[in-house]
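1. Structure of the sequence below:
(2 chains)
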Amino acid sequence: MTYKNNNRLTKNKKLILTTITSAIFVISMTLTGINYNIQTSSSDEGDVKGTWPPPAGQPSTGIPHIVAMKITPRGDDVVHVITENQMKVGASWFDKARTMVGEKALVTPQEVEQFFLATADGNTDFKVIGPDGQPEYYRLYFVEVP
Amino acid sequence: MKRENMIKVIGVSILAVIGIIVPAYAVSTISGTVTSGGTGLNNAKVTAEQIGGFLVAPEYVWTRTSTTGSYSLTVNDAGTVYQVAAMLTGKQYNKIDRTPPTSTANYALTSILLKDAIIWVVADDGFQADHPSWQIDAKNIAYAFADGWFREEHSINMKDSGATYGTYASPNSAPDCTTWAQNARTALDWSSTNNRGAKIAIVVAGKDVTFTNGDLGCINPAIPSSSGTYPLIVVKDGYGDPAKLSMHEIGHAYSLTHSTASWKHVMWASVNNVDAIKNWRPADDSTIELNRSWYQ
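-> Okay, here's the model as predicted:
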């Protein structure tokens, strides 16, 4: 009787362990499969595609800066219009970049996130009314310094 | 089986599984020193990249050495292999495999000469129309923003050929990038015998150029396998992180192909999920080291 019980217990143990192991295997293979599908969606050699902005939480690879380059005027429909008020609250990154056109303006990680949010449509062109009342146009770039 | 026995068995099984899984996620430290000529190197860069990560893209962390040459890196996946590399401009790039918690990695870097990569910058008419300071802006987008990574990691110095910057009248409605690049090569008459004192031509295409397959850049005629090929590279304006784009395309010029190991590598090319960081995979670093004198 005792022997019989122990044998049943061993069978049950095996069953439970097999179930748990199988579950882990299935989850692992599912995740591996997702990974594989993403990895094989590459384009032809020699070409590169990209999305902007980078995803949140991407590791830093350098000290973050933003560079503003002056561009010729463009229609309001193809630029982000930014106000003096916005520059003071929530867009300090723009003010920093604009005050040193063509140079790397040091920004904080929070300002980088704000810049990414403001350009989530992939467009980094901005218009602002300058101190002289005239519109100014800038194309902004994220530039890390290693 | 009795209910209490069943609970005991399940409990033991769960603990066994946790015992197997938890060590793979334990936080560990990789530390050591970077020296040259027996003296600690200040401000050397040390990176740790996970090799064969568990299901997801490999972990990548970096730090810099203190004035004594010591460093410490925290990694999240003990039990897997990390390739730990040390580098500094003018020193030979060096890497060591470590599997935390066995995680001391010391480096003695030898001094090396910088190798130039001589570049002729070209901007298409659309870029010039957009940028009043087009020459300065084109240089930055073509290579200057990316130069720091080549310089620090592989002692490659991106250098202007000194020739007048080129102009290319391009159609905004463009074919695929490779064909556009070939058309530019023909129009510019860029070749080994008409090289403007450079070894690589980089053409910055205006933001309004739209390649039929959505590319942001390419290399013509193909990824070289030797020096002396005078590649022509195209990078498109308007992308928010031009250094990443240049690192990718200039990486091709050093014979790097696309990474299929992780979308975190800068040589990853994908329709979606391009969150590559400015990091060449360790195998690519070895290739650049081998070829770093190709364009001097």
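2. which secondary element of chain A has the worst mean pLDDT?
-> Lowest mean confidence among the helices and strands of chain A (mean pLDDT, DSSP states H and E): helix A:2-39, at a mean of 45.
3. Report pLDDT for the nearest residue to B:E59 once chain neighbours are set aside.
-> Spatially, and ignoring its direct neighbours in sequence, B:E59 is nearest to B:Q50 (4.3 Å; CB to CB, 6 or more residues apart in numbering or on different chains). For the C-beta atoms, the positions are set from N, CA and C on the backbone; glycine is no exception. At B:Q50, the pLDDT value in this model is 88.
4. I figured B:Q50 was touching B:V75, is that so?
-> Yes. Using CB atoms under 8 Å, B:Q50 is in contact with B:V75, at 7.3 Å.
5. between these two, what contacts are shared?
-> Counting by CB atoms under 8 Å, 6 or more residues apart in numbering or on different chains, the common neighbours of B:Q50 and B:V75 are B:59, B:82.
6. quick check, the residue nearest to B:E59 in a strand?
-> Yes. The assignment for B:Q50 by DSSP: H, G, I helix; E, B strand; the rest coil puts it in a strand.
7. Pull the contacting residues for it.
-> B:58-60, B:75, B:77, B:80-82.
8. PyMOL command to pick out the buried ones of these?
-> Command for PyMOL that selects the buried part of the contacts of B:Q50, burial taken from 16 or more other CB atoms under 10 Å in any protein chain shown:
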select buried, chain B and resi 58+59+60+75+77+80+81+82
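9. what would the contacts of B:Q50 look like in JSON lines with pLDDT and secondary structure?
-> Below are the contacts of B:Q50 laid out as JSON lines (pLDDT from 0 to 100; DSSP: H, G, I helix; E, B strand; the rest coil):
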{"residue": "B:P58", "pLDDT": "80", "secondary structure": "coil"}
{"residue": "B:E59", "pLDDT": "87", "secondary structure": "coil"}
{"residue": "B:Y60", "pLDDT": "90", "secondary structure": "strand"}
{"residue": "B:V75", "pLDDT": "93", "secondary structure": "strand"}
{"residue": "B:D77", "pLDDT": "81", "secondary structure": "coil"}
{"residue": "B:T80", "pLDDT": "87", "secondary structure": "coil"}
{"residue": "B:V81", "pLDDT": "90", "secondary structure": "strand"}
{"residue": "B:Y82", "pLDDT": "93", "secondary structure": "strand"}
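10. Of the contacts of B:Q50, which is the nearest to chain A?
-> Ranked by distance to chain A (CB to the nearest CB), the contacts of B:Q50 are led by B:Y60 at 5.5 Å.
11. That closest one pairs with what?
-> B:E49 (DSSP bridges).
12. And the strands in the stretch 151-296 of chain B, which stretches?
-> With DSSP state E, counting those that start in this stretch as the criterion, the stretch 151-296 of chain B has strands at B:156-160, B:166-168, B:200-205, B:217-220, B:232-236.
13. shaky segments in the chain?
-> In the absence of a named chain, chain A is used. A:1-51 (pLDDT under 70).
14. ah, no, chain B please
-> Scanning chain B for pLDDT under 70 picks out B:1-25, B:52-57, B:263, B:270-275.
15. Break it down into its domains, please.
-> Domain assignment for chain B by automatic domain parsing gives B:28-108, B:115-291.
16. sorry, back to before: closest to B:Y254 among the contacts of B:Q50?
-> In terms of CB to CB, no member of the contacts of B:Q50 lies closer to B:Y254 than B:Y60, at 20.3 Å.
17. tell me the contacts of that closest one?
-> A:59, B:47-50, B:264, B:277, B:279.
18. Could you tell me which of these count as buried?
-> B:47-50, B:264, B:277, B:279.
19. Quick one: classify the nearest residue to A:A68 once chain neighbours are set aside as helix, strand or coil.
-> Residue nearest to A:A68 in three dimensions, not counting chain neighbours: A:A97, with 3.8 Å by CB to CB, 6+ apart. Going by three-state DSSP, the secondary structure assigned to A:A97 is helix.
20. List the contacts of stretch B:63-71.
-> So stretch B:63-71 is in contact with B:31-35, B:39-46, B:72-73, going by CB under 8 Å, 6+ apart.
21. quick one: terminal-to-terminal distance for that stretch?
-> 7 Å (CA to CA, to the nearest Å).
22. repeat for stretch B:153-166
-> Stretch B:153-166: ends 29 Å apart by CA to CA.
23. With stretch B:102-115 instead?
-> End-to-end for stretch B:102-115, by CA to CA: 36 Å.
24. from the middle of its chain, how far away would it be?
-> How far stretch B:102-115 lies from its chain's middle: 19 Å, per CA atoms, centre = their mean, to the nearest Å.
25. Pull out the buried positions in that stretch.
-> Going by neighbour count (16+ other CB under 10 Å), the buried part of stretch B:102-115 is B:103, B:105, B:107, B:109, B:114-115.
26. Leaving out sequence neighbours, find the closest residue to A:V128.
-> The shortest distance from A:V128 to any residue other than its chain neighbours is 5.0 Å, reached at A:I82 (CB to CB, 6+ apart).
27. and B:S72, how many residues sit next to it?
-> Neighbour count for B:S72, taken as other CB atoms under 10 Å in any protein chain shown: 13.
28. out of everything not next to it in sequence, what's closest to it?
-> Nearest residue to B:S72, sequence neighbours excluded (CB to CB, 6+ apart): B:S31, at 4.2 Å.
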